[in-house]
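Chemist: no sequence for this one, just the structure:
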């Protein structure tokens with residue numbers, strides 16, 4: 001079984017919405033980069049995730065959302081710092097992050113293979129920074145923050161020099 005087939009199997013995918021979404025971004029010439037758990041998977045041993053956290057160039061967001069509505073590709077739910085895309089044909093959740101802090105990640109992103117897909121992924125240090133921001137966000141559910149901390153551990157165990165980039169409040173957790 002290929003990585004793509006595995007990913008779609010885990011997501012109960014009747015269609016490959018990840019491939020559709022990446023193709024749509026390319027077709028519309030919208031620059032992006034993957035952040036979050038799938039980005040962590042690009043650098044360390046992968047774990048299964050049904051979330052694709054991604055950022056796009058912010059001045060392209062309205063154009064992308066209009067195309068998604070017009071083509072009826074995904075359902076849309078807007079939140080304070082994200083737009084979540086879903087599909088009845090897959091359990092994969094695409095989360096367009098709208099927090100401006102991430103915008104600088106896009107220009108530095110590199111092409112990497114993640115779960116069988118070629119995607120632009122934030123560089124390692126930016127992936128770590130995003131996980132730090134997520135972990136320190138006390139408005140997030142505790143279970144999500146624990147997953148973020150586990151991702152930080154995974155990155156630092158594989159790339160020990162990253163420990164120097166951690167704020168003290170994370171270092172005291174035992175990393």
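Modeler: Looks like it arrived, so ask away. Only a predicted model underlies this, so the values are computations on that prediction, with no experimental measurement involved.
Chemist: remind me, longest strand of the protein?
Modeler: Using DSSP state E to define each element, the chain has its longest strand at strand 90-97.
Chemist: may I see the buried residues of that strand?
Modeler: Buried residues in strand 90-97, counted by 16 or more other Cβ atoms under 10 Å: 90, 92, 93, 94, 95, 96, 97. Using the backbone N, CA and C atoms, a C-beta is placed for each residue, glycine as well.
Chemist: can you map out the strands along the chain?
Modeler: Here the chain has its strands, by DSSP E, at 32-35, 51-56, 75-78, 82-87, 90-97, 110-114, 117-121.
Chemist: and the last one, how far out from the chain middle?
Modeler: By that I understand strand 117-121. Averaging C-alpha positions (Cα atoms, centre = their mean, to the nearest Å) puts strand 117-121 11 Å from its chain's average.
Chemist: residue nearest the centroid of the chain?
Modeler: When Cα atoms, centre = their mean is applied to the chain, the residue found nearest the centroid is residue 53 (2.4 Å).
Chemist: tell me the pLDDT at the nearest residue to it once chain neighbours are set aside?
Modeler: Nearest residue to residue 53, sequence neighbours excluded (Cβ to Cβ, 6 or more residues apart in numbering): residue 36, at 2.9 Å. pLDDT, residue 36: 93.
Chemist: show me what contacts residue 36?
Modeler: Residue 36 makes contact with 49, 51, 52, 53, 54, 95, 130, 131, 134, according to Cβ atoms under 8 Å, 6 or more residues apart in numbering.
Chemist: for the third one, name its beta-bridge partners.
Modeler: Looking back up the chat, that one is residue 52. Beta-bridge pairing for residue 52 (DSSP bridges): residue 94.
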